[in-house]
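**Student:** Turn this into a structure:
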Amino acid sequence: MPDRLVGLLVGPEGDGVRIDAFLSAQDDMPSRSACARLVEEGRVTLNATPVSSKSERLCLGDRLQVTLPEEEPTTGVLAPNPYIPLDIRFEDQYLMVLSKQAGLVCHPSPGHVDDTLANALVAHCGYSRLGRLQGDDRPGIVHRLDMDTSGLMVAAKDDETQKALQDLIRLRVLDRRYVTLVQGYVAPDKGTIESGIARSTRDRLRMMVTDDPGAREAITTFTTLERFEAGRRDDGYTLLECHLYTGRTHQIRVHMRHIGHCVVGDPLYGRGDLRQNLGLTRQFLHSWHIRFDHPVTGETIELADELPEDLRSVLESLKDTSMGRTEAGERICPQLGV
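**Tutor:** Model prediction:
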């Protein structure tokens, strides 16, 4: 396919807008980072003069001409899978926030080639319209959720937005909050777990808390929402909200086991007593709330996600043993649909 010339006239909506932002907002144009590359490659002219900076501001009446190269393949190294449903809660030209269902792997891994969230994102956006800083096999992925963890997560549509979102996570200003039900009575209403995490030397599928010099810093705070009485076969249960300041693999599950309160239903870090899993076949862990400032528009994005039916059913089964909700629980539990 030969190069294609596109002419654009700047209207009132483009007055004062950066060139890369203006171009990416137009129909049939690539992502913002791709538009920036077009400028760098000399493929954009402004009023017949080559553009030297992607951040140059436009004026009403300006005329742009863009030479679009032959299109990239839309699938790259991943096949699109349009049969995986995407529960999208927010979307614009730069990013999306979606609610991932339990059982869905985020990106290809052994045993999961074309049935992942990444395959669904390729089907929805096109391979060339997703950020690929995490690797060509992880288009759009900013941060992961474990396969059997449900809830809100962010995907990026270009490299620049993907990097900006990863920077928000690194700077600990992308607020991610999870709800988990753990075994046992958690006495404090609030707490902080600050313990390094590294891959287990005995089982490469597991992570562990360690003070080894190679361990990565991991910080989890928790707030108690509701406590449930002990029964004949269990030590009771506690519903917690966890706030991640870091994003280590299996962080909440590992930290909860470390303090002696395993996540209910956890097949990897649980104690092995299936009777205490309350019928769950996956860990009771849900990414329920996310808040961040949009890296391009500056808009504050704040979204909440109710518990899915399997987790709500577990809490319903414990209703008669409730010891009462904390002040935080009275505020948060109704937002969870319980």
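**Student:** Need the pLDDT of the residue of the chain most remote from its centre.
**Tutor:** In the chain, the greatest distance from the average C-alpha position (CA atoms, centre = their mean) is reached by residue 48, at 42.1 Å. Per-residue confidence at residue 48 stands at 89 (pLDDT).
**Student:** what's the answer for residue 1, then?
**Tutor:** Residue 1 is given a pLDDT of 48.
**Student:** And the residue lying closest to residue 84 once chain neighbours are set aside, its phi and psi?
**Tutor:** Closest residue to residue 84 apart from its sequence neighbours, by CB to CB, 6 or more residues apart in numbering: residue 120 at 3.8 Å. In short, each C-beta sits where N, CA and C put it, glycine included. As for residue 120, its main-chain torsions (degrees, to the nearest 10) stand at phi -70, psi -40.
**Student:** Surely residue 150 touches residue 99?
**Tutor:** Yes - the pair residue 150 / residue 99 is scored as a contact, 7.2 Å apart, by CB atoms under 8 Å.
**Student:** the more surrounded of these two?
**Tutor:** Legend: neighbour count by other CB atoms under 10 Å for residue 150 and residue 99, higher for residue 150 (27 against 19).
**Student:** contacting residues around that one?
**Tutor:** 99-102, 285-287, 308, 311 (CB atoms under 8 Å, 6 or more residues apart in numbering).
**Student:** again, only using 6 Å
**Tutor:** 101-102, 286, 308 (CB atoms under 6 Å, 6 or more residues apart in numbering).
**Student:** Residue 301 versus that one, what's the distance?
**Tutor:** To residue 301, residue 150 is 19 Å away according to CB to CB, to the nearest Å.
**Student:** Wait, a helix at residue 295?
**Tutor:** No - Residue 295 is assigned coil when assessed by DSSP: H, G, I helix; E, B strand; the rest coil, not a helix.
**Student:** okay, now it: neighbour count?
**Tutor:** Neighbours around residue 295, by other CB under 10 Å: 19.
**Student:** Would you check how far apart it and residue 268 are?
**Tutor:** Taking CB to CB, one finds residue 295 at 34 Å from residue 268.
**Student:** repeat for residue 299
**Tutor:** 38 Å.
**Student:** tell me the centre residue of the chain?
**Tutor:** Geometric middle of the chain (CA atoms, centre = their mean) lands on residue 153, at 2.5 Å.
**Student:** show me what contacts that residue?
**Tutor:** 100, 145.
**Student:** Would you map the helices across the protein?
**Tutor:** All helices of the chain, identified by DSSP state H, fall at 19-24, 32-40, 117-125, 159-170, 251-258, 309-317, 327-332.
**Student:** can you list the residues that contact the second one?
**Tutor:** Among residues not part of helix 32-40, those counted as contacts by CB under 6 Å, 6+ apart are 20, 23-24, 44, 51, 54, 158-160.
**Student:** Cool, thanks, talk later.
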